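Visitor: Build me a structure from this.
(one chain, ligands or ions: 1)
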Amino acid sequence: MLLQKIKNYEIFRPKCDATKEVLHSIALLEEDISPVFPYLNAELGGWDYDQRNQVLLLKLSEGKWITLHPREIAIRGARDLEESQALLKWITEQINEIWERRDQIQPRFTSQAGLKVMEILKLLPMTNCKACGYPTCMAYAAALREGEISLADCPPLREEKYREKREKLQAYLESYGWRALDAV
Ligand code: SF4
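Guide: Numbering: from 1, shown residues only. Sure, this is the predicted structure:
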């Protein structure tokens, strides 16, 4: 087990806007968890991974983020104490479970932050048909890059004539570890 002990756990409202209905929390760790970062990045689709400074950023659903440092877990955007604790439990389990399986995982050193909207756009039908609910393919590409939607939200991409584009887009996204996370 890589992460055995949380030394300290602090939960607070953001100082910049204490009226916000979200909580932030920081857990200080006894152990250095940085060796698991490239494996977590591969399995969970890290939003940003700074290998030199050992910082891994995970983007979850509904504006929630988890930032991992070697001896710290910071959670932003939980609705309440219960959700904050559930997220800490979830990421703690992921760290230990993925560490146990690391021999079967190809570590990843790239991240979704490297995805480029223009590269995504080039691989879309580019008809601006609005079937995805966005006014343009560019707006859809930007939302896709942010991990807010999936390829299934563009119905024309399923058409046979766009098969090559769809497969290239899928490969491009996966090369950056793209995955929409939905932890809780
Ligand atoms: S459904 Fe696809 S082709 Fe149509 S606007 Fe959205 S991204 Fe473009």
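Visitor: What's opposite the residue nearest in space to the middle of the chain in the beta bridge?
Guide: Closest residue to the average C-alpha location of the chain: Lys59 at 3.4 Å, with Cα atoms, centre = their mean. Beta-bridge pairing for Lys59 (DSSP bridges): Trp65.
Visitor: surely it meets Gly147?
Guide: Yes. Applying Cβ atoms under 8 Å, one finds Lys59 in contact with Gly147, separated by 5.6 Å. Bear in mind the C-beta positions are built from the backbone N, C-alpha and C, glycine included.
Visitor: which residue ranges form the strands in the protein?
Guide: In the chain, the strands defined using DSSP state E lie at 6-12, 23-29, 48-50, 55-59, 65-69, 72-78.
Visitor: Name every strand pairing with the third one and say which way it goes.
Guide: So that's strand 48-50. Take DSSP bridges as the rule and strand 48-50 pairs in its sheet with strand 55-59 (antiparallel).
Visitor: For the partner strand, report the contacting residues that lie outside it.
Guide: Defining contact as Cβ atoms under 8 Å, 6 or more residues apart in numbering, one finds that strand 55-59 is touched by 37, 40-41, 44-50, 65-69, 91, 111-113, 146-147, 181.
Visitor: Please convert the buried members of those into ChimeraX selection syntax.
Guide: A single ChimeraX command selects the buried members of the contacts of strand 55-59 (16 or more other Cβ atoms under 10 Å):
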select :37,40,41,44,45,46,47,49,65,66,67,68,69,91,111,112,147
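Visitor: check contacts around Thr127.
Guide: Counting by Cβ under 8 Å, 6+ apart, Thr127 touches Cys137, Pro156.
Visitor: what residues does the chain put near the ligand?
Guide: By Cβ under 6 Å from any ligand atom, the residues of the chain that approach the ligand are 124-125, 127-132, 134, 137, 140, 154-156.
Visitor: Just the buried ones from those residues, in ChimeraX syntax?
Guide: Of the residues of the chain next to the ligand, the buried ones can be selected in ChimeraX as follows, counting by 16+ other Cβ under 10 Å:
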select :124,125,132,134,137,140,154,156
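Visitor: Between the residues of the chain next to the ligand, which sits nearest Leu29?
Guide: Using Cβ to Cβ, Tyr140 comes nearest to Leu29 of the residues of the chain next to the ligand, at 39.0 Å.
Visitor: who touches whichever helix in the chain runs longest?
Guide: For the chain, the helix with the greatest residue count under DSSP state H is helix 81-100. Residues from elsewhere that reach helix 81-100 (Cβ under 8 Å, 6+ apart): 1-3, 6, 9, 11, 23, 25, 27, 33, 35-36, 39-40, 43-44, 58, 60, 64, 66, 68, 73, 75, 78, 105, 183-184.
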